[in-house]
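Asker: A structural model of the following input is requested.
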Amino acid sequence: MTGSTPFDLLAIEYDAQFTQSAVGTAMRRAVWRRMDVRFSPGQRVLDLACGTGEDAVHLGRRGVRVIAMDASAAMVDAARRKVAGARLEAEVEVRQLSIEKLDRLDGLHFDGAVSNFGALNCLTDLAPVSRALAARLAPGAVVLVCVMGPLVPWEWLWFLARGDPGKAFRRLRPGGLRWRGLTIRYPSIRRLRREFASAFRLLRTSAVGALLPPSYAEPWATRHPWLLERLDGLERRLETLPPLPWLADHYLAEFVRP
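Answerer: Residues are numbered from 1 along each chain as shown. Predicted coordinates:
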């Protein structure tokens, strides 16, 4: 397939490299714990930049109705196959649509929304996205966004130990990091809160990968499964305790529409 976004080329290997990895499984399970708290069977939830549909299928299996959207045709194809394989077509609808085009969902309203694992890092300005999203959410609706943060001690130590300071501190570059034609931004919790402030109130932040290693440490994690399990358990107990959310590979921000 000829790709139209940088993520088309990642779709084939994404699940093998992240979703099904030891680190990726632990991180996604941490986000699912909060999704299960916030979203109930029968609610309608919007999944922004759904990727291969892993989160949409999880919600669909719990009886949550989902519209899952992604700009990448290859990701959409993978998500539709996954939904069909789980026999969840009645619960989950997958559409090819970018986050910037939320206005094309006119007439649809949702009880909540989720955006997992860095999709919002690919956007330059989140304030108009937050306003467009709020227009499609009921009062009291909760939005969960999992964002890559700027300060990651695991990353500093990992790449400095390998003699690569450029990668160690890449998230601190002014203006963001160029990747396959995109600019990847790493907003702090304070900045994300400010960009959502016109339409949402921040309820909770938690660490997703402060004690857990980043996904590129998968070879280390598979050699030390007992240590990965202990780090995961400790992180879940301390996930909201400062400064962990500020020092995580990803942080999960939970907003409410007033």
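Asker: Would you state the helices of the stretch 151-258 of the chain in chain order?
Answerer: Ranges of helices within the stretch 151-258 of the chain are 153-160, 165-168, 189-196, 218-223, 225-238, based on DSSP state H, counting those that start in this stretch.
Asker: Would you format those as a markdown table with distance to residue 55 included?
Answerer: Backbone N, C-alpha and C define where each C-beta goes, glycine included. Output for these, formatted as a markdown table (distance: least, CB to CB, whole Å):
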| stretch | distance to residue 55 |
| --- | --- |
| helix 153-160 | 24 |
| helix 165-168 | 28 |
| helix 189-196 | 19 |
| helix 218-223 | 20 |
| helix 225-238 | 18 |
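Asker: a markdown table for those helices, including mean pLDDT and mean neighbour count?
Answerer: Shown next, in a markdown table, are the helices of the stretch 151-258 of the chain (pLDDT from 0 to 100; neighbours: other CB atoms under 10 Å):
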| stretch | mean pLDDT | mean neighbour count |
| --- | --- | --- |
| helix 153-160 | 96 | 16 |
| helix 165-168 | 96 | 13 |
| helix 189-196 | 98 | 17 |
| helix 218-223 | 94 | 14 |
| helix 225-238 | 98 | 14 |
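Asker: So which of the ones you listed is nearest residue 28?
Answerer: For the helices of the stretch 151-258 of the chain, proximity to residue 28 was assessed by CB to CB; helix 225-238 is nearest, at 11.5 Å.
Asker: The closest one packs against which elements?
Answerer: Where contact means 3 or more CB pairs under 8 Å, 6 or more residues apart in numbering; DSSP states H and E, helix 225-238 is packed against helix 22-38.
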